[in-house]
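Chemist: following is a predicted model, sequence given first.
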Amino acid sequence: MIIDVHTHVGKMGGKIWTPRDLLASMDEAGIDYSILITLEEQPENRQLTVEEIIKVCEKSPRLIPVGRIDYNDSIDKQINEMTGYLKEKKIVGVKFYLGYQKYHANDSKLHPIYKFCQDYNFPVIYHTGMLETGFPGLLKSSHPLTIDEVADTFPNLKIVMAHTGNPWIMDCAAVVAKNKNVYMDFSGYFTEYQSLDPEEVEMFIRQLKDFKIFAGFKKCMFGTDWPLYPQKEYLEVSNQLIMTEEEKELVFWKNAKEVFNLKV
Ligand SMILES: [Zn+2]
C-alpha cells in the first residue's frame, strides 16, 4: 500500500486542480490514499475552506482531509472549529503555515489546540523550510529548529515537519532524532510545476542519505505536495532511496496509518 501524506486541491500556479485530477494522478502513480491538506488563504486566490475539503473527501474515500489554522484569522474561533471536526473524525490533523504566516510555532495562542491534539492523539503538520520566492513571509518562522520548542513543550504531541525542512535537512534530522514525537515528510523538495530535474534528484538522494545516516528513516513518510510535483515521478525517485524492507513499509504507509490514525 502507498499513502501520499501531502497533497492539495484548489487554485495553484494559475490553474484549478480538482479532486478528480488528484484521483487520476493517484491511479497513474499507483497511490492508494492521499492526505488532502487545506491550503492557506492567499489574497487574490480564494482556496477551499476546511468544510469544503471535508465534503470533497466524503465523496472520495481515497482522499483524507486535514484542516488548517489561519494565524491571521480569529484563533479561538478556529480552534473551536478544528477541535470539533477532529472529535467528529471529519479531519485527521491540522496544518500550520509557518513562514508564509509570520508567527512562531510555539506561540502560546496555539497551545490550546496543541494540548487538545496531544491529549486525543491527533497530529499537527507544519510547513517547514523554503518559502516561495518573493513571498512576503519569514524563513525564521519556518526553520526546523522552531519545531524543537513545540516538541519539547508537548512531548507527546505527534508532529509532522513537511518538506524535509529543505534546505535545512540536517537541522530537520536533528529535530527528528532528538524528539521521539517528531516525524518528517519527503514532499515539496523540487522546483515546482515541472518534471523532476535530474540534478535535483541527485541532490535529494544524496541529502536524504545523510539524513538517514543521522536520524534513520523510521519516522519519515512519503509525500509529494501534488499538484506542484508529479506523484508518479516523485514515487519513482523516493523508491531510489536505499531503505530496508522495514523502513519501506514505515515510509510508504505504516507511519501515515499510525500518525494520522487511519482505518486503511
Ligand atoms: Zn503543501
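Modeler: Ah, there it is.
Chemist: buried residues in stretch 162-169, which are they?
Modeler: In terms of neighbour count (16 or more other C-beta atoms under 10 Å), stretch 162-169 has its buried residues at 162-166, 168-169. Backbone N, C-alpha and C define where each C-beta goes, glycine included.
Chemist: now tabulate the residues you listed in a markdown table and tack on distance to Phe204.
Modeler: A markdown table is the format used below for the buried residues of stretch 162-169 (distance: C-beta to C-beta, whole Å):
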| residue | distance to Phe204 |
| --- | --- |
| Ala162 | 15 |
| His163 | 12 |
| Thr164 | 8 |
| Gly165 | 13 |
| Asn166 | 9 |
| Trp168 | 14 |
| Ile169 | 9 |
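Chemist: so which of those is the closest to Lys59?
Modeler: Nearest to Lys59 among the buried residues of stretch 162-169: Ala162, at 25.3 Å, using C-beta to C-beta.
Chemist: which residues does that closest one bridge with?
Modeler: His127 (DSSP bridges).
Chemist: okay, it and Pro198: tell me how far apart.
Modeler: Here the criterion is C-beta to C-beta, to the nearest Å. By it, Ala162 lies 24 Å from Pro198.
Chemist: and the spatially closest residue to Leu39 that is not a sequence neighbour, how many neighbours does it have?
Modeler: Using C-beta to C-beta, 6 or more residues apart in numbering and skipping the chain neighbours, the partner closest in space to Leu39 is Gln47 (4.2 Å). Here the number of neighbours of Gln47 (other C-beta atoms under 10 Å) works out to 18.
Chemist: same question for Leu235.
Modeler: 18.
Chemist: kindly report the same for Glu58.
Modeler: Neighbours of Glu58 using other C-beta under 10 Å come to 11.
Chemist: repeat for the one 3 residues further on
Modeler: Using other C-beta under 10 Å, Pro61 has 9 other residues around it.
Chemist: so it, which state does it fall into?
Modeler: At Pro61 the chain is in coil, as set by DSSP: H, G, I helix; E, B strand; the rest coil.
Chemist: all strands of the chain, in order?
Modeler: With DSSP state E, the ranges of strands along the chain come out as 3-7, 10-12, 15-17, 33-37, 63-69, 94-96, 124-127, 159-162, 182-185, 220-221.
Chemist: so what strands line up beside the second one?
Modeler: In the sheet, strand 10-12 lines up against strand 15-17 (antiparallel) (DSSP bridges).
Chemist: find the nearest non-adjacent residue to Val5, please.
Modeler: Gly223 (4.2 Å).
Chemist: I'd say that neighbour and Ser187 touch.
Modeler: Yes: Gly223 lies in contact with Ser187 (C-beta atoms under 8 Å); the separation is 3.4 Å.
Chemist: now for these two: what residues contact both?
Modeler: Between them, Gly223 and Ser187 share these contacting residues under C-beta atoms under 8 Å, 6 or more residues apart in numbering: 5-6, 162.
Chemist: TSV for the residues you listed, including pLDDT?
Modeler: Formatted as TSV, the shared contacts of Gly223 and Ser187 follow (pLDDT from 0 to 100):
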residue	pLDDT
Val5	98
His6	98
Ala162	98
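Chemist: make CSV from those and add distance to Thr146 to it.
Modeler: Compiled in CSV, the shared contacts of Gly223 and Ser187 are given as follows (distance: C-beta to C-beta, whole Å):
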residue, distance to Thr146
Val5, 21
His6, 19
Ala162, 13
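Chemist: most centrally placed residue in this protein?
Modeler: Ala162 (4.2 Å; C-alpha atoms, centre = their mean).
Chemist: residues contacting that one?
Modeler: Ala162 neighbours (C-beta under 8 Å, 6+ apart): 6, 95, 125-129, 184-185, 187-188, 223, 225.
Chemist: repeat that for 6 Å
Modeler: When contacts are counted by C-beta atoms under 6 Å, 6 or more residues apart in numbering, Ala162 touches 6, 125, 127-128, 185, 187.
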